[in-house]
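> Sequence and predicted structure below; questions after.
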Amino acid sequence: MTKTISFILNGDEISCDIQDHWTLLHLLREELGLIGTKEGCGNGECGACTVIVDQLAVNSCLYLAADIQGKQVQTIEGLAVHTGSLHPIQQSFVDNGGIQCGFCTPGMIMSAKALLDKDPEADQEAVKHALAGNICRCTGYVQILDSVAAAGRQMAGKKTDKAAGYGDPGPVTRQPGDQTAGEVTP
Amino acid sequence: MKPFTYLTPTTVEEAVTLFGQHKETARYMAGGTDVIVKVKEGWMAPDYLINLKQIPGLDDLHKNGATGELTIGALVTHAMLEQSLLIRSEYPIIYDAVSNIGSLQVRNMGTIGGNLINAVPSADGAIPLIALDGAALLKGPEGERSVMVKDLFVQPYETVLTPGEILTKITIPAQAPRSGSAYIKFGRRAAMELPLIGIGVLLVVDEDLATCTRARICLGVAGPTPLRAQKAEQLLKGQPVTPDLLTEAGKLAADESQVRDSVRGQAWHRKEMIRVQVRRMGLRCLDIINQKARQV
Amino acid sequence: MKDYTVVGQRVPKLDAAQKAMGRAEYIQDVRLPGMLYGKILYSSHAHAKITAMDISRALALPGVHAVLTGKDIPSKMRMGFYKDNPPLKAAKVCCFRDEIAAVAAVSEEVAKKAVRLIEVEYEPLPAVFDPEAAMEKDAPLVHEAHKSNVLKLPWKLHYGDVDAAEKASAFVVEDRFTTTWVTHCCLSTSGAVALFDASDNLTVYSNTQIPSLAQKDFQETLGAMGLKGKRVRVIKPVIGGGFGSKLDTYAYEHIAILLAHKCRKPVKILFDRKEEFEATSTRQPTVIYIRQGCDEEGHLTFRDIRMVLDNGGRTSWGATTPSVMMMPITSLYRVPNVRYDAKCVYTNNTYAQAMRGYGNPQATFAIESCMDMLAQKAGIDPVTFRRINRNEPGDETPQGFKITSCGLGQCIDAVEKELTADSPLADGEGIGYASLIHVGGGARIYKSDGCGAILKMDDFGKVDIFTGGTDMGQGLDNMIAQIVAEELGLLAEDINVVHSDTDVCPWDVGAHASRSTFVAGNAALGAAKKARQTLLAFAATLFETAPEDLVMKNRMVWVKNDPEKSMPVDKLLRKAHFSPGGTMLMADYFYDPPNENMGKDFRCNLSVTYSFGVHGVRVHVDRETGKVQVKNYVAAHDVGRAINPMLLEGQVYGGVIMGLGYALSEEVMIKDGQIKNPNFRDYKLFTAKDAVPITAPVIETDDPDGPFGAKGIGEPGCVPTAPAVANAICNAVGVRIKDLPITPEKVLAAIQAQSKGS
């Protein structure tokens, strides 16, 4: 059945026709052309399709489009728009190596945002708990957790401090005779 | 996904009436985390999905100060339970169980009622509610009735609900003083798991902080439905709870269970886990009881 | 010159911002006007004759444009190096994964519906699922015409005299190890879009790691279709994970081509997650029999390995993984006498492909587990035992590998230092070590191991570099940009790396063998050097000095002893362009490393350099549940030089977690040929909550042949993980698990058997 729904998408009021059986993911990607939200499994088991509905991270592949009537929806496309620059979480993922193939990234960032919006000082266990539904095959999560922690510090208004990362890069050892021996790569 | 018509009633009565109009071509839906997957996979092909999320009051979560009774509306999400300070402090077994269901995304959508009605042997949500002697309130074409959560399940994917009945809330009687409860989901990884085995234990002890006056040992994935290991419970009752006694109870519970081999785990190992985890959860219950006693 | 400005910097991945904004376009996002959607019908049996197929109901469904079956496949069209796999199977099926029909329709929904309307009748045949059983005389034949289930492949070598060495050994251990199916689980599922222009030239959008070899495969397909001489263009959208999965061409790509030609419209085939599990390839499962010995002092005397590999019903690159397994078998540690014999055996299971490490993780699991067993027997502690036998620069291994840079010893030191700095071991805790060798400078598995690069500079001091290499998330774009920027005195942001289109990018053998930084990097460096020379020659004329006296740095060129004489690079370029007889700066380079093809006896110097590493892990084993918890992980790698330490660490962290999944949790469960867990619910990838603390010491040995001294690091991170974990478990609770993954069930069963035994 077709019906018309109204909702707020990334800050803009939207009104559109939908079919009852459409998922929010389908509406976003196939009808509205917002390709930033990804489908990794279609069953709520990978988190690539994560968007924020009324402050809560949800799997848009399981969320019916009909259910967003009157609600606020945030997708990855909504993060950088208004300031023209990247959102601190996006910037932190860029700066800290939180992105490799990038397919999990939009969902991962949305999960992180839902968490940090509520609690920018979330500790590592809380971050892991909140991100557990977002599968990443490339990074081993280390730099993702670093990225979220750094973004949280920034969002909490604290100075970003690189030292307290989760992954420890370890010392760089150079061959004797190498002129830069003893230096640690910045 | 096969097309369907999405109906959104605003009262339970309206929902029941809609179901009456469409009968077996209709299905109720709460959070949708199970239903939508089933429709996508073609395991379920309703022409009508009746959305219960717009019915006010079904997501009520409160404790009655006078009676001590806890009410959990069927549409309360796992995340609401997980984030409730009341649940975390007074009903740790519920917290343990719901905080590791699926992902946060799923917990933000999925409801406790849906978890029960889905009736899979691995439903984390059922175990604590059984341990806490929870009762489910059902409303349907024939009126209202109450069923103990432990009696809700018939077999995998089947409950005692008759066509058109809706689970509206779960009530949990006042907690006895000196009670402790704990749940563990045993899986291969730390999150996103269906349990290989789920073990919930509730203990109430006498004023001596040792003699067991009530015991509940509830097992998930240990049979076609969530079950209570009643012989093991009997063993504990009236006895001072010691690690040795809990070990014995674990053995009995393992023997009582009807575990099977599956893709997710082997029966012998599941039995071992029941044996070990009944003891560990029992000890955790004692810790909780002792901690509370010190605070008083 | 070790005073680098861009090399060695943690420059964020060039496409990271685009990806962070959700603007990167993957195969899912490719949508062309008039595009149709293809769906594939797979076999319902592990082994059966197809006796009848009726496609009439599917064809009659409104919206269906074409239905293809095995009968529509040109007879010469066969996929894979063993040519035993037509894109659609006509007469019989050899595994559940066999594609038997395909549909193109106006939407995915209609295509799915049409596939369900195809009626197939089968006559089931006796099937075989165990490779060792499949070698028996009376086993059912998977391919009757092949006459045997054992593939005719030459995987057999013997260097020195193993039997004599064994007799002379003071200590010998032997055992059997097994590894099962695991799979890549790229977050983006597979897909392709094919379209023909009016002259029958073909364009394929595909998630491939081998654009040039895919182009060749598709050329062959066109040839079989009677379209010889037509052009093929391969366009790679942003790739959502590779790990070896995209190293061969798959049936879906060839089917998309056939459908597109039949319908005269673009056709897109996109896998869902279940299909991704069921119809793409796995890592090669193995049965490994190993014997290994040492003398009184702990020097390895011989290594003798026999393997049986489950080839599955068809053949892809998995059957060639023994060629890479030879590397650790002959060359990990100094071992003078080596024998190896591997048989790939057809069964009615799924079949394997390349997966990160290309056989190395399986072989290293057996070798390194066995190293600890041998050390124990010889009464030497595992770290000392490894130190005694470590490879050194200047070694030539029995297979003829010439070791140049080698930091294995330093890696051992670094890992031991990090791991033993922790608090003392608690009850149930243990530490385990394992090392690795891997090709570090490519590997000549094809006629050419080369890569081309074309570089041009514009009037604004910016560079476009067109590389044959492929970025699938691992960071090749940064490697190229940082190498080129370093050479041309520019910043990484000045370099635009184009790697997406065979119409504009030169040839490359593919993103495999951890070769991209080394080979594509050296190609880019070669082009940059040529450009630098040209530019400096021009500047030298301008400044009336010799090119050697010029410095090119920070987007400027100046005279070394007269810094007043300087000019920004962009101005210099404009001067060159707009002067009479002007010129634009362009350069190209093709780099093919001096790697050798394997000879008849497999002796060669496969790679101009080799990467080394040591992993160490501290685990806790719950004796009552069998659950293993990783407490601390240290992975030290000799990488030559870290072009970008941040991305390098990303490769190591990602590799380690993938390796831990291989060790502990991941398993494609196959029963009677059928996959039982084709989803992320039951295929247990580590989640963020399972992430473990990892330290990644980087050992820089400044490789003489690598670009700025760099060697490959793509695969090593997941190579020695499983044996390190197995060794740590054994150290913790005294049980040796020889079968992957190491599940709580296996650990607990072993602990219980041990306590019954004692």
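The structure has been received and is ready for your questions. Given the structure is predicted, the values throughout are model-derived calculations rather than measurements. Numbering: from 1, shown residues only, chains lettered A, B, ... in the order given.
> Could you use CA atoms for every contact and neighbour count after this?
Will do.
> gap between the two ends of stretch C:681-695?
29 Å (CA to CA, to the nearest Å).
> same question, stretch B:43-62
Across its full length, stretch B:43-62 reaches 36 Å end to end, with CA to CA as the criterion.
> Show residues contacting it.
Stretch B:43-62 is contacted from outside by B:2-12, B:15, B:18-19, B:22, B:24-31, B:35, B:38-39, B:70-77, B:168-169, using CA atoms under 8 Å, 6 or more residues apart in numbering or on different chains.
> Then stretch C:593-609?
C:157, C:398-405, C:439-447, C:449-450, C:519, C:703, C:705, C:711.
> From the residues you listed, list just the buried residues.
With burial judged by 16 or more other CA atoms under 10 Å in any protein chain shown, the buried subset of the contacts of stretch C:593-609 is C:157, C:398-405, C:439-445, C:449-450, C:519, C:703, C:705, C:711.
> any idea of the mean pLDDT for the lengthiest helix in chain B?
As assigned by DSSP state H, the longest helix anywhere in chain B is helix B:267-295. The average pLDDT for helix B:267-295 rounds to 96.
> phi, psi of the closest residue to chain C within chain B?
Chain B approaches chain C most closely through B:Ala190 (5.5 Å), counting by CA to the nearest CA. Main-chain torsions, B:Ala190, degrees, to the nearest 10: phi -80, psi -10.
> cool, C:Lys575 as well?
phi -60, psi -40.
> Just the endpoints, please. Distance across stretch C:516-524?
Rule used - CA to CA; the end-to-end distance of stretch C:516-524 is 11 Å.
> should've said stretch C:224-231
14 Å.
> buried residues in that stretch?
Under 16+ other CA under 10 Å, the buried positions of stretch C:224-231 are C:224-225, C:231.
> try stretch C:8-18
C:8-17.
> could you say what helices and strands the longest helix of chain B packs with?
strand B:179-186, strand B:197-205, helix B:243-256 (3 or more CA pairs under 8 Å, 6 or more residues apart in numbering or on different chains; DSSP states H and E).
> looking at these, which is closest to A:Tyr141?
Of all these, strand B:179-186 sits nearest to A:Tyr141, with 22.8 Å by CA to CA.
> angle of the closest one against strand B:197-205?
If you take axes from the mean of the first three to the mean of the last three CA atoms, to 10 degrees, strand B:179-186 sits at 170 degrees to strand B:197-205.
> what's the angle from strand B:179-186 to helix B:267-295?
Here strand B:179-186 points in a direction 150 degrees away from that of helix B:267-295 (the same axes, to 10 degrees).
> what about the chain, any weak spots by pLDDT?
Chain wasn't specified; assuming chain A. A:81-83, A:158-186 (pLDDT under 70).
> Wait, chain C was what I had in mind.
Applying pLDDT under 70 to chain C picks out residues C:1, C:758.
> okay, now A:Leu34: neighbour count?
Using other CA atoms under 10 Å in any protein chain shown, A:Leu34 is surrounded by 19 other residues.
> Hmm, it is touching A:His26, no?
No - if you go by CA atoms under 8 Å, A:Leu34 and A:His26 don't touch, sitting 9.7 Å apart.
> what sits against the most centrally placed residue in chain B?
Geometric centre of chain B, nearest residue: B:Ala126, 1.6 Å, by CA atoms, centre = their mean. Taking CA under 8 Å, 6+ apart as the criterion, B:Ala126 is in contact with B:115-116, B:149, B:226.
> Could you do C:Cys411 as well?
C:612-614, C:636-638, C:697, C:699.
> Give me the three-state assignment for it.
Three-state call for C:Cys411 (DSSP: H, G, I helix; E, B strand; the rest coil): helix.
> Let's see if you can find the most crowded of the contacts of B:Ala126.
Result: B:Pro226 is most packed of those (other CA under 10 Å), 29 neighbours.
> tell me the domain ranges of chain A?
A:2-78, A:88-164 (automatic domain parsing).
> Put together CSV for those domains, with distance to C:Val509 on each row.
Formatted as CSV, these follow (distance: least, CA to CA, whole Å):
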stretch, distance to C:Val509
domain A:2-78, 29
domain A:88-164, 21
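> Out of those, which one sits most buried?
domain A:88-164 (a mean of 24; mean count of other CA atoms under 10 Å in any protein chain shown).
> As TSV, the buried residues of stretch C:224-231 with secondary structure and distance to chain A would be great.
Below are the buried residues of stretch C:224-231 laid out as TSV (DSSP: H, G, I helix; E, B strand; the rest coil; distance: CA to the nearest CA, whole Å):
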residue	secondary structure	distance to chain A
C:Ala224	helix	35
C:Met225	coil	34
C:Arg231	coil	30
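> so which of the residues you listed comes closest to C:Gln215?
Closest to C:Gln215, out of all of the buried residues of stretch C:224-231 and judged by CA to CA, is C:Arg231, at 9.2 Å.
> residue contacts, that closest one?
Here C:Arg231 is in contact with C:201-202, C:219 (CA under 8 Å, 6+ apart).
> let's see it at 7 Å
C:Arg231 is in contact with C:201-202, counting by CA atoms under 7 Å, 6 or more residues apart in numbering or on different chains.
> Same check on C:Met646?
Going by CA under 7 Å, 6+ apart, the list of residues near C:Met646 reads A:97, C:10.
> helix or strand for it, which one?
Using DSSP states H and E, C:Met646 sits in helix C:645-660.
> what does C:Ala587 give?
Using DSSP H and E, C:Ala587 falls in strand C:586-591.
> to the chain's geometric centre, what's the distance from that strand?
26 Å (CA atoms, centre = their mean, to the nearest Å).
> Now do the very next helix or strand once past it: which elements does it pack against?
Remark: after strand C:586-591, the chain's next helix or strand is strand C:610-621, criterion DSSP H and E. Applying 3 or more CA pairs under 7 Å, 6 or more residues apart in numbering or on different chains; DSSP states H and E, one finds that strand C:610-621 makes contact with helix C:408-420, strand C:429-439, strand C:628-638, helix C:721-733.
> Comparing these, which comes out most buried?
Highest mean neighbour count among the helices and strands packed on strand C:610-621 (mean count of other CA under 10 Å): helix C:721-733, a mean of 29.
> so who does residue 86 touch?
Here I'm looking at chain A. Residues in contact with A:Leu86 (CA under 7 Å, 6+ apart) are A:Ala80.
> Chain C, not that one
The contact partners of C:Pro86, taken as CA under 7 Å, 6+ apart, are C:77-79.
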